[in-house]
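**Student:** take this sequence and fold it.
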Amino acid sequence: MKAGGFHHEGTACKRILVTGGAGFLGSHLCEHLLNQGHDVLCVDDFYTGSKLNICHLLTRPNFELLRHDVTFPLYLEVDEICNLACPASPVHYQHDPVQTTKTSVHGATNMLGHVNPIGPRSCYDEGKRCAETMFMDYRRQHGMAVKIARIFNTYGPRMHPDDGRVVSNFIMQALANEPITMYGDGMQTRSSCFVDDLIDSLARLMQTPDDFCGPVNLGNPVEFTMLQLAQEVIRLTGSSSHIEHRPIPCEDPVRRKPDIALSRSYLGWAPKMPLEQGLQRTIAYFMDLRLAMGREQQASTVPGLAHH
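**Tutor:** Below you'll find the predicted structure:
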C-alpha cells in the first residue's frame with residue numbers, strides 16, 4: 001500500500017488482519033508478525049497474490065487464510081488491520097482500473113491532489129489518496145487509531161515474475177538472456193527498498209503511539225538510473241543480454257525518491273540493505289523459481305505425470 005492505512009490498537013500479542021496477505025509485501029508482513037508471536041488472519045482474493053507466497057505459513061497454528069474480496073464487507077474481531085489489498089504494479093492495477101479504485105476506497109468520492117485524475121495511473125494514485133482521506137476522517141469522527149504509510153518502490157523475493165516492475169522485468173529477461181527492455185534513454189531514476197527493510201519500517205510504524213498517524217514515507221532514498229540498474233543486473237546474473245530501448249510510457253515519472261526524514265527521526269528507521277546484496281538475493285529467488293517452473297512444465301509433458 002503506497003498510501004493507505006493501518007488500524008492500530010495497543011501493544012503485546014494481538015490478533016492481526018492482513019488484507020492482501022498473499023501478495024509480495026503482505027506475505028512478508030504475515031511472516032514477520034507470526035515471528036513476533038501474533039495471531040495472523042491473511043485475507044486475499046488471489047487476484048495478484050499467490051498461495052505459493054504463504055504456503056509455508058499454513059501449518060503454523062497462529063496463521064489463518066481466508067479468500068475474500070475486500071470490496072465486500074467482512075465482519076471480524078481483530079486488534080489491528082494492516083490494509084495491503086490492492087494491485088501495486090501498473091500491469092495489474094491498470095488491467096481493471098474500476099476494481100482498483102473500488103479496492104482502495106469503495107464508494108469514496110471527491111478527490112484532491114497534485115496527480116492527473118484522469119490518466120492511466122489515476123485509478124491507483126487517486127484511489128490511495130482518497131483512502132488517506134477516509135482513514136483520517138474515521139480518526140477524527142470515530143477516534144480510531146490509524147497509521148498511514150506511503151510505500152515507495154520495493155523489491156525482493158516473492159515478487160511476481162510478470163508484474164511489470166522494473167527489477168523483476170530486468171532479472172527475468174537477464175536470466176533468459178533476452179533483451180533488457182529499457183523505456184526511454186534510461187536516465188530516469190528510481191530508488192528501491194529491499195523488502196526486509198520495508199517490513200521493518202511497517203512494524204516500527206505500527207508500534208508508535210496512537211497520537212502518531214503519519215503519513216510517513218517508507219522507502220530507500222538512494223537513487224540510481226534505469227541504465228545503471230540494467231547494467232548491474234546483467235553483471236550479477238552473468239547474462240549475455242543487451243539493452244533494447246523503447247518509447248517511454250505515458251506519464252512515466254522522471255524521478256522517484258522518497259524523503260524519509262520523518263521515518264529517520266520518529267521511527268528511528270532507514271534502509272540497510274545495499275542494492276547489490278538485495279539484487280543478489282532477489283536474483284537467487286528468481287533462479288529457483290525458473291527451475292521450479294521448468295520442472296513443472298517438464299512434468300506436465302511426461303505421460304502419467306500430467307496434472308488434471
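
**Student:** list the contacts of V70.
**Tutor:** V70 makes contact with T19, G20, V43, D45, N83, A85, T103 under the criterion CB atoms under 8 Å, 6 or more residues apart in numbering. In short, each C-beta sits where N, CA and C put it, glycine included.

**Student:** mind putting these into JSON lines with distance to H245 and neighbour count?
**Tutor:** Output for these, formatted as JSON lines (distance: CB to CB, whole Å; neighbours: other CB atoms under 10 Å):
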{"residue": "T19", "distance to H245": "39", "neighbour count": "26"}
{"residue": "G20", "distance to H245": "34", "neighbour count": "29"}
{"residue": "V43", "distance to H245": "41", "neighbour count": "25"}
{"residue": "D45", "distance to H245": "37", "neighbour count": "19"}
{"residue": "N83", "distance to H245": "38", "neighbour count": "24"}
{"residue": "A85", "distance to H245": "35", "neighbour count": "26"}
{"residue": "T103", "distance to H245": "34", "neighbour count": "25"}
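
**Student:** and R190, what pLDDT?
**Tutor:** As summarised for this prediction, R190 has a pLDDT of 93.

**Student:** run through the bridge partners of it.
**Tutor:** For R190, the beta-bridge partners under DSSP bridges are F224.

**Student:** I'd say it and A230 touch.
**Tutor:** No: assessed by CB atoms under 8 Å, R190 is found out of contact with A230, at 11.5 Å.

**Student:** just give the number of residues close to R60.
**Tutor:** As a burial measure, the neighbour count of R60 was computed by other CB atoms under 10 Å and equals 14.

**Student:** specify the local secondary structure of it.
**Tutor:** For R60, the secondary-structure state derived from DSSP: H, G, I helix; E, B strand; the rest coil is coil.

**Student:** not counting sequence-adjacent ones, nearest residue to it?
**Tutor:** For R60, ignoring the flanking residues on the chain, the nearest one in space by CB to CB, 6 or more residues apart in numbering is L34 at 5.8 Å.

**Student:** could you list the buried residues of the helix or strand in which that neighbour is found?
**Tutor:** Assigned by DSSP states H and E, L34 falls within helix 24-35. Judged by neighbour count using 16 or more other CB atoms under 10 Å, the buried positions of helix 24-35 are F24, L25, G26, S27, H28, L29, C30, E31, H32, L33, L34.

**Student:** measure A270 to L205 for me?
**Tutor:** 14 Å (CB to CB, to the nearest Å).

**Student:** hmm, I typed the wrong one, I wanted G127.
**Tutor:** Where L205 is concerned, G127 sits at a distance of 21 Å (CB to CB).

**Student:** can you check L175 too?
**Tutor:** Here L175 is placed at a distance of 34 Å from L205 (CB to CB).

**Student:** neighbour count for these two, which is higher?
**Tutor:** Each of L175 and L205 had its neighbours counted (other CB under 10 Å), and the higher figure belongs to L205 (22 against 19).

**Student:** contact partners for that one?
**Tutor:** Listed by CB under 8 Å, 6+ apart, the contact set of L205 reads F6, K147, A149, G214, V216, L218, L267.

**Student:** among those, which two are most distant?
**Tutor:** Across the contacts of L205, the two members that end up farthest from each other (CB to CB) are F6 and L267, 13.2 Å apart.
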